[in-house]
Every structure is written in structure tokens, then in C-alpha cells.
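Colleague: give the three-dimensional model of this entry:
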Amino acid sequence: MIHVSHLTKYYGDYAAIQDVSFDVPPGKIVGFLGPNGAGKSTTMRILAGFLTATSGKATINGLDVFWDNLEVRRNIGYMPESCPLYTEMRVNEYLDFRAGIKGLSSSQATQRINYALERCWLTDVDRQIIGTLSKGYRQRVGLADALLANPPVLILDEPTAGLDPAQIRATRDLIRELGREHTILLSTHILSEVEATCDSVIIIHRGQVAVESTLEELKSSVGKKAQIVMVVSGYRDPNMFRAVEGVIDLRIKENQRDDTIELRITTHDVADTAPRLCECAAKGNWRILELRIDRPTLEDLFVQIMESEPTPV
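Modeller: Here you go, the predicted structure:
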């Protein structure tokens, strides 16, 4: 549905994005992640037809975003991070105005405006002047605008910015529901939001794609880096656990107040290694006080990527 190939955008001598390539399959919700200044908004603005790329190619629904710009805009609903609105207009007036620009007939406009107002929790402020709304409500007006023409593709740049926790949860549920009918490219800084709503992620770092993967593949790779944490009590040398098959690394932390020791064990296969560690402890007369698995989160992976040099994929 969205195909990006070797996309590059220069501002003078500065490369905002460089050689960016990725795909968003039809009917999927893809999280587009990266720190501030990584190139997320630049990429999304190019896809939405608001910027032209210096080089490379991008297509949406088979249409070139440069050569078929107007047709591409008919196929997308775009919500920018700082959504530009006519603040002197009322909410319903603004949506009616936008429906006209999008080419909706009078009957279609009425139906879609009512739908967007309800889905974005705006029915109670539909006659309120936009300039008097809070930032959270303005974000909802921007999302309603993106939904008006029922486009096959939604490009949402920080859709939950300015929302309170309850609204964030409701918006997350809405995005999941919209994913049944639309292909969605979603930019956000809230990683739990990505885990709750997205099928896959693209992480961009310093203008280049650092990771493109499904969440299942990410969870699998993160699982391989899991650590076994054992808290044991005893008076023998804990280095004996290094000899257990499957142990790659062992970090030992002794408690100065008693005889308990915390062992952090790195292994490729938690399921196989944990029983061997328990067997070793039993043979050595160690008392196991705690045994748990520490798995890196998406946030851990994100921070790890940000602290390393980007490796394009």
C-alpha cells in the first residue's frame, strides 16, 4: 500500500532523511518511531504531498506521490503533528468546509461529518469555535478531518499529543478499530501505544532506517536477550554456576547484610537453561529465594538503537 524507495531530502547541505526505504502492507498498522529530529515528520510530509523529496521514490496505493500528487491526496487522510486549523471557525463549519474541499457531496458530507464527530468524541463541542478548544480537542478535530473522506490510508503524526490518559486510551482503541478498514502509518513517542496498536514498527535514526520489523519478530529477538535472575542463599562459590550448560555470562551481586546473592545470567535459551541452574543449585545446597526472567522491553530496544550508530536495513 505504501512503498518508499531510497527517499532523500536535503535542506541546503543538511540531509533530513537519507536513502530511506520501507513498505507498509495493506491493512496493517505500522508504528513509525524515532527521536526528535530523526526525520519522521519530513518523511510523512513527503508521503502526504506537502514536501517534495530531493531524490528517491514513494508510492501510495500504486500512485506516485510526486507525479500523481492530487490523486494521492484523495487516497490518504493526513493528520500532521501540529494540526493547522482555522481557529475562527466552528468545529462543524470547519469539517463541512473540509468535506467540500475533499469533494464530498452534500449527503456524503453530512453522513461523514456525523461519523467523524462521533468517532472522535466531538459531538459535545461541534458548534464551538475551534480557537476556544484545548489542544487535546484540536487534535481530535484534526483526526476527524483525516477520517472525513474515508480514505484507504491514514498517516497520523503524533495523534495523541495533548490528550489526557483516558483520551489516549480511547484514541488507541479507535486506531485499532480503524486498522480493520484502513492502512495506517502512525508516528508516536509513546512506545506502549505502539505495542498495543501496531502490527510492525519502523525505527528511524539520524535520517536512516535503523529497524524495520514486525512486533512478533522484535519480541522474538528481545526474548533471545533475556536474562535469568536468581536470588540464592548459601556459602559456596557462586562461580560454579558459570559451568552450567547454556550460561553465556554471569554477573554476581552479593548482599553485604546477609548471605543472599543475586545472580544475573545471560543465556540464548531461557527455557533450557533455567532448569539446569535449579539442578545446579540443588546439588550445591543453595536455597533459591527468587527466580525470574527479565526481558528487554521495546523501550530498552529503542534506547539501545538510539545509543548506537544507525545501520540501514
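Colleague: which non-adjacent residue is nearest R127?
Modeller: Spatial nearest neighbour of R127, excluding adjacent residues (CB to CB, 6 or more residues apart in numbering): R90 at 5.4 Å. In this view, the C-beta of every residue, glycine as well, is placed from N, C-alpha and C.
Colleague: quick one: neighbours of T42, just the number.
Modeller: When neighbours are counted by other CB atoms under 10 Å, T42 registers 22.
Colleague: and it, what does it touch?
Modeller: If you count contacts by CB atoms under 8 Å, 6 or more residues apart in numbering, T42 has them with K9, A16, I17, L51.
Colleague: any idea which element it lies in?
Modeller: helix 40-47 (DSSP states H and E).
Colleague: how close does the nearest residue to M230 once chain neighbours are set aside sit to V229?
Modeller: Spatial nearest neighbour of M230, chain neighbours left out: L263 (4.5 Å); criterion: CB to CB, 6+ apart. Using CB to CB, to the nearest Å, L263 is found at 7 Å from V229.
Colleague: give me the more crowded residue out of these two.
Modeller: L263 (22 against 15).
Colleague: part of a strand, is the more buried one?
Modeller: Yes: with DSSP: H, G, I helix; E, B strand; the rest coil as the criterion, L263 is located in a strand.
Colleague: G27 reaches T183, doesn't it?
Modeller: Yes: using CB atoms under 8 Å, G27 is in contact with T183, at 6.0 Å.
Colleague: need the residues touching each of the two.
Modeller: M1.
Colleague: who's more crowded, the two?
Modeller: Shown here are G27 and T183; by other CB under 10 Å, T183 has more neighbours (24 against 14).
Colleague: how far away is the closest residue to D258 other than its chain neighbours from I252?
Modeller: Spatial nearest neighbour of D258, excluding adjacent residues (CB to CB, 6+ apart): S233 at 7.6 Å. Counting by CB to CB, the gap from S233 to I252 is 14 Å.
Colleague: any residues in contact with both of these two?
Modeller: Common neighbours of S233 and I252 (CB under 8 Å, 6+ apart) are I261.
Colleague: I'd like the next helix or strand past the lowest-mean-pLDDT helix or strand in the chain.
Modeller: Least confident helix or strand, the chain: helix 215-224 with a mean of 68, by mean pLDDT, DSSP states H and E. Following helix 215-224 in sequence order, the next helix or strand is strand 227-233 (DSSP H and E).
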